[in-house]
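Peer 1: The following comprises the amino acid sequence and a computationally predicted model.
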Amino acid sequence: MRVSDVIVRSLEAHGLARAYCVPGESYLALLDALHDSTVKTIVCRHESGAGFMAVAEAKMTGKPTVFMVSRGPGATNGSIAVHVAEQDALPVIVLIGQVSREERDRGAFQEVDYGQFFGGMTKGVFEVFEADKTAETMARAFRLAVSGVPGPVAVVLPEDVLSDETARLPVSPYPMALPRHTTEDTTALQSLIDAAQRPVVLAGAWFRGARGAQALARFAEAQRIPVAVTWKNQDVFDNGSPLYAGHIAFGAPRAQREILAKADLIVAAGTRLGDIATLNYTFPAAPEPLQQLVQIYPDAAPIGKVARPTLGIIADPIPLFEALGHQPRVVSSARESWISTNNNFIRGFMAFKSSMPTDGVDFGEVVVAVAELAPKNAVITTDAGNISTWVHRHWPMTPKNLLLGGIAGAMGLGVPAGVAAGLVDPERMTIVFVGDGGILMTGQELATAMQYGARIKIVLSDNGSYGTIRTHQERHYPHRVSGTALVNPDFTQWARSFGAGAVTIAQGDDVRAKVSEALAEEGTTVIHVKASQEALSAYATLSALRGNEAVGQ
Ligand SMILES: Cc1ncc(C[n+]2csc(CCOP(=O)(O)OP(=O)(O)O)c2C)c(N)n1
């Protein structure tokens with residue numbers, strides 16, 4: 001077998017349905033091996049798009065995914081997705097073409113030392129120098145990507161090695177070993193919860209998926225404990241539940257921070273407790289929390305990495321929550337009123353009130369209409385930018401939804417993530433929220449959606465601005481617009497030129513009717529919203545920022 005065949009058989013053995021790529025002459029033998037494979041090759045228009053699709057599929061399925069890039073420019077173009085996979089703890093494997101072994105280290109055409117380039121943002125960079133090591137290397141790459149804190153792995157493939165022959169056949173996937181909690185862990189956690197008056201669960205991405213979400217819900221119900229969800233993991237808990245304590249996001253309002261600060265116990269489960277999840281290391285405070293902290297994660301590395309826990313549990317939190325979800329507690333009235341204090345605030349906060357702009361459509365109005373009219377199991381993808389502030393604030397998600405946003409805040413994720421979602425689960429409606437900045441970074445993957453028949457809805461905020469940066473700019477340098485204004489193409493025509501449908505929403509239009517029309521269309525549709533700059537985000541209007549008023553806090 002050729003090395004390239006061993007690689008493709010390894011992908012098949014690991015159950016891979018598709019591999020995203022931009023082709024390169026550096027890995028022609030691999031493309032040839034894919035020709036007869038059950039792994040479908042999805043050809044993209046930019047390596048960042050291919051990488052973001054792999055990121056989104058990994059988030060959807062919880063399984064390793066693959067994207068393939070050519071050497072040098074291909075790899076550097078795709079690096080944004082490797083960074084995103086690292087920040088989001090997603091098992092994404094990038095297969096990279098490389099110059100031939102003979103040319104290595106001579107500074108050859110498009111040569112990059114990937115160990116150095118990707119060293120700081122992957123869990124490992126492997127290079128296949130010997131044909132006989134291919135199968136073992138692939139198995140190791142898959143295992144490493146999913147073990148401990150999941151993350152990206154690079155496998156570098158010198159051009160000439162791909163055609164070498166080997167008799168060593170692909171290795172079957174290694175079984176996943178996850179640490180389980182002990183009885184001592186359960187007892188210690190239960191007694192801390194029982195002793196607490198104002199406990200709160202901080203639930204992370206680990207709970208994504210039916211079993212995780214159910215374990216979290218049952219645990220919260222049985223223990224009578226409110227649940228806050230970490231940044232971009234709003235879909236792991238029912239936002240309509242009386243136990244919901246909110247999404248910990250950028251721009252979390254002061255009132256929410258003040259309420260949460262009163263907690264006397266934080267049960268941080270399935271989260272690495274990064275800066276956004278901890279309101280910039282204040283909840284819990286680092287390195288010494290102001291309240292008791294339990295941190296539960298199936299890998300030792302994140303436990304106590306920044307803040308000192310009272311109790312650290314190296315275990316899969318799902319079986320632990322299942323165990324404690326079978327033991328209903330009767331709690332004090334103080335605990336019940338703590339639950340309502342959190343929930344009352346969040347309910348008020350999630351209600352939408354338009355800022356009634358006169359310079360375009362309030363994008364929040366569109367988000368609210370989409371949230372009301374979309375199927376209850378819609379997949380939602382968010383690009384970076386102010387657009388997502390309305391989605392997080394006003395879309396009451398449940399675990400029936402699936403939210404594909406990126407912790408890393410990389411612009412360009414939204415459309416490719418939507419394309420991947422449309423391919424992975426064509427029965428569900430996928431809705432992409434993206435700004436006019438983000439859409440011209442990777443929006444050309446609309447061509448990929450059309451090529452492979454992924455049907456998605458793209459809700460575009462065309463506000464003529466890199467709005468998020470404008471928000472910061474107006475706060476610090478009011479009235480001095482510099483480097484943030486955009487002159488845009490006609491996005492309605494742009495969408496149609498791909499063969500997609502387009503619905504334009506301009507000021508004065510019936511937003512609900514237009515959204516309903518767009519969602520009812522069979523195929524891929526761009527909802528082109530001529531959005532207001534005055535209604536700059538779900539937290540701030542332009543005039544409030546310029547007037548230096550307290551903004552949305
Ligand atoms: C790849 C990348 N480049 C730059 C940034 C910095 N950045 C964050 S949000 C943003 C503006 C986004 O503008 P737009 O897509 O129009 O959305 P809006 O904020 O207007 O809703 C920029 C430039 C980033 N996060 N990612």
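Peer 2: That came through, no problem. Numbers count the residues shown, from 1 in each chain.
Peer 1: Now do the helices for the stretch 401-550 of the chain: every range, in order, please.
Peer 2: For the stretch 401-550 of the chain, applying DSSP state H, counting those that start in this stretch gives helices covering 414-424, 436-442, 446-452, 467-476, 491-497, 511-520, 542-546.
Peer 1: Indicate whether the second one makes contact with the ligand.
Peer 2: So the one you mean is helix 436-442. Yes. Against the ligand, helix 436-442 shows contacts by Cβ under 6 Å from any ligand atom at 436-438. For every residue, glycine as well, the C-beta is placed using N, CA and C.
Peer 1: Run through who's touching that helix.
Peer 2: Contact with helix 436-442 is made by 46, 48-49, 52, 383-385, 387, 411-416, 458, 460-467, 486, 488, 491, as judged by Cβ atoms under 8 Å, 6 or more residues apart in numbering.
Peer 1: Can you flag the buried ones in the residues you listed?
Peer 2: By the neighbour-count criterion of 16 or more other Cβ atoms under 10 Å, the contacts of helix 436-442 include these buried positions: 46, 48-49, 52, 383-385, 387, 411-416, 458, 460-467, 491.
Peer 1: Just those: which are in strands?
Peer 2: The strands, defined by DSSP state E, take in 458, 460-462 from these.
Peer 1: For Pro375, give me phi and psi.
Peer 2: Main-chain torsions, Pro375, degrees, to the nearest 10: phi -60, psi 150.
Peer 1: measure the nearest residue to it once chain neighbours are set aside to Val391 for me?
Peer 2: Nearest non-adjacent residue to Pro375, counting by Cβ to Cβ, 6 or more residues apart in numbering: Met429, 5.2 Å away. Distance, Met429 to Val391, by Cβ to Cβ, to the nearest Å: 15 Å.
Peer 1: who has more neighbours, those two?
Peer 2: Regarding Met429 and Val391, a neighbour count based on other Cβ atoms under 10 Å identifies Val391 as having more, with 24 against 18.
Peer 1: Send over the helix or strand encompassing the more buried one as CSV, restricted to the C-alpha atoms.
Peer 2: Per DSSP states H and E, Val391 falls inside helix 387-394. These are the backbone C-alpha positions of helix 387-394, laid out as CSV (Å, rounded to 0.1, in the frame of the first residue of the first chain):
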residue,chain,number,x,y,z
ILE,A,387,-23.9,40.6,15.7
SER,A,388,-23.5,37.8,18.2
THR,A,389,-24.3,40.1,21.2
TRP,A,390,-28.0,40.1,20.1
VAL,A,391,-28.0,36.3,19.5
HIS,A,392,-26.6,35.6,23.0
ARG,A,393,-28.8,38.1,24.7
HIS,A,394,-32.1,37.5,23.0
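Peer 1: Kindly provide the distance from the residue nearest to Pro375 to the ligand.
Peer 2: Remark: distance between Met429 and the ligand (Cβ to the nearest ligand atom, to the nearest Å) = 22 Å.
Peer 1: Read off the pLDDT value for that residue.
Peer 2: According to the prediction, Met429 has pLDDT 98.
Peer 1: Surely it is in contact with Lys457?
Peer 2: Yes. With contact defined as Cβ atoms under 8 Å, Met429 counts as touching Lys457 (6.6 Å).
Peer 1: Pull up the overlap in contacts between those two.
Peer 2: Here Met429 and Lys457 share the contacting residues Leu519, scored by Cβ under 8 Å, 6+ apart.
Peer 1: rewinding a little: so which of the buried ones among the contacts of helix 436-442 reach the ligand?
Peer 2: Answer for the buried ones among the contacts of helix 436-442 near the ligand (Cβ under 6 Å from any ligand atom): 384-385, 387, 411-412, 461, 463, 465-467.
Peer 1: Need the contact partners of the helix or strand hosting Val156.
Peer 2: Using DSSP H and E, the element containing Val156 is strand 153-158. Strand 153-158 has contacts (Cβ under 8 Å, 6+ apart) with 3, 7, 26-27, 30, 82, 91-101, 104, 114, 118, 122-129, 137-138, 141, 144-145.
Peer 1: can you list the residues of this structure near the ligand?
Peer 2: Counting by Cβ under 6 Å from any ligand atom, the positions of the chain adjacent to the ligand are 384-387, 409-412, 435-438, 461, 463, 465-469.
Peer 1: Low-confidence bits of this protein, can you list those?
Peer 2: Residues of the chain meeting the criterion pLDDT under 70: 548-553.
Peer 1: Could you point out the longest helix of it?
Peer 2: helix 333-350 (DSSP state H).
Peer 1: Show me what that helix is packed against.
Peer 2: Counting contacts by 3 or more Cβ pairs under 8 Å, 6 or more residues apart in numbering; DSSP states H and E, helix 333-350 is packed against strand 244-247, helix 254-261, helix 387-394.
Peer 1: Go again with 6 Å.
Peer 2: strand 244-247, helix 254-261 (3 or more Cβ pairs under 6 Å, 6 or more residues apart in numbering; DSSP states H and E).
Peer 1: Val94 falls within a strand, correct?
Peer 2: Yes. Counting by DSSP: H, G, I helix; E, B strand; the rest coil, Val94 is located in a strand.
Peer 1: Grab the nearest non-local neighbour of it.
Peer 2: Nearest non-adjacent residue to Val94, counting by Cβ to Cβ, 6+ apart: Ala154, 5.0 Å away.
Peer 1: and that neighbour, how many neighbours?
Peer 2: Other residues near Ala154 come to 27 when the count uses other Cβ under 10 Å.
Peer 1: Please apply the same query to Glu184.
Peer 2: A total of 9 residues lie near Glu184 under the criterion other Cβ under 10 Å.
Peer 1: Same question for Ala54.
Peer 2: 34.
Peer 1: Is it within a helix or a strand, and which one?
Peer 2: Counting by DSSP H and E, Ala54 is found in helix 47-61.
Peer 1: ok now that helix, how far from the chain's centre?
Peer 2: In terms of Cα atoms, centre = their mean, to the nearest Å, the centre of helix 47-61 is found 9 Å from the chain centre.
Peer 1: Could you give me the buried positions within it?
Peer 2: 47-61.
Peer 1: next one: stretch 209-224
Peer 2: Buried-residue list, stretch 209-224, by 16+ other Cβ under 10 Å: 209, 212-221, 223-224.
Peer 1: quick one: the closest residue in space to Gly418 that isn't next to it in sequence and Leu290, what's the gap?
Peer 2: Leaving aside its sequence neighbours, Gly418 sits nearest to Val432 (Cβ to Cβ, 6+ apart; 3.7 Å). As judged by Cβ to Cβ, Val432 and Leu290 stand 39 Å apart.
Peer 1: any idea how far Ala371 lies from the ligand?
Peer 2: Distance, Ala371 to the ligand, using Cβ to the nearest ligand atom: 17 Å.
Peer 1: so the closest residue to the ligand within the stretch 201-350 of the chain, which of the three states?
Peer 2: For the stretch 201-350 of the chain and the ligand, the shortest gap (Cβ to the nearest ligand atom) falls at Phe250, measuring 10.4 Å. When classified by three-state DSSP, Phe250 comes out as coil.
Peer 1: go on, Tyr174?
Peer 2: State at Tyr174, reduced to three classes by three-state DSSP: coil.
Peer 1: quick one: the helices in the stretch 201-350 of the chain?
Peer 2: Under the criterion DSSP H, counting those that start in this stretch, the stretch 201-350 of the chain carries helices at the ranges 210-223, 254-261, 317-324, 333-350.
Peer 1: Out of those helices, which is closest to Ile276?
Peer 2: Minimum separation from Ile276 across the helices of the stretch 201-350 of the chain (Cβ to Cβ) falls at helix 254-261, 13.0 Å.
Peer 1: If you count neighbours, what's buried in the closest one?
Peer 2: Neighbour counts using 16+ other Cβ under 10 Å place 256, 259-260 of helix 254-261 among the buried residues.
Peer 1: Show me which of those residues is closest to His528.
Peer 2: Of the buried residues of helix 254-261, the one sitting nearest to His528 (Cβ to Cβ) turns out to be Gln256, at 33.1 Å.
Peer 1: separation between the closest one and Asn386?
Peer 2: Applying Cβ to Cβ, the value for Gln256 to Asn386 is 19 Å.
Peer 1: can you tell me the residue of the stretch 51-200 of the chain closest to the ligand?
Peer 2: Ile80 (6.4 Å).
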